[in-house]
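Engineer: Need coordinates for the below:
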Amino acid sequence: MFAQILFAALFLALAGRLLVPQPLRAKLLPLLRPAR
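Structural biologist: Modelled structure (predicted):
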């Protein structure tokens, strides 16, 4: 089940690169990538 979630997240990230406009992506990126 965890692998399915991970695969779905990866697919959404790749699809988001093509579909999501740049400004919105810049706003969402910090949420998807936790601060190191």
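
Engineer: Could you pull up the residues touching Ala26?
Structural biologist: By C-beta atoms under 8 Å, 6 or more residues apart in numbering, no residues touch Ala26. Bear in mind the C-beta positions are built from the backbone N, C-alpha and C, glycine included.

Engineer: What strand or helix carries it?
Structural biologist: helix 22-32 (DSSP states H and E).

Engineer: what's the burial count for Ala13?
Structural biologist: Per other C-beta atoms under 10 Å, the neighbour tally for Ala13 reads 13.

Engineer: again, but for Leu12
Structural biologist: Neighbours of Leu12 using other C-beta under 10 Å come to 13.

Engineer: any idea how far it lies from Lys27?
Structural biologist: Going from Leu12 to Lys27 by C-beta to C-beta, to the nearest Å gives 16 Å.

Engineer: ok, so what distance separates Gln4 from Leu18?
Structural biologist: Counting by C-beta to C-beta, the gap from Gln4 to Leu18 is 22 Å.

Engineer: returning to that earlier point: how far is the helix holding Ala26 from where the chain is centred?
Structural biologist: The chain centre lies 9 Å from the centre of helix 22-32; the measure is C-alpha atoms, centre = their mean, to the nearest Å.
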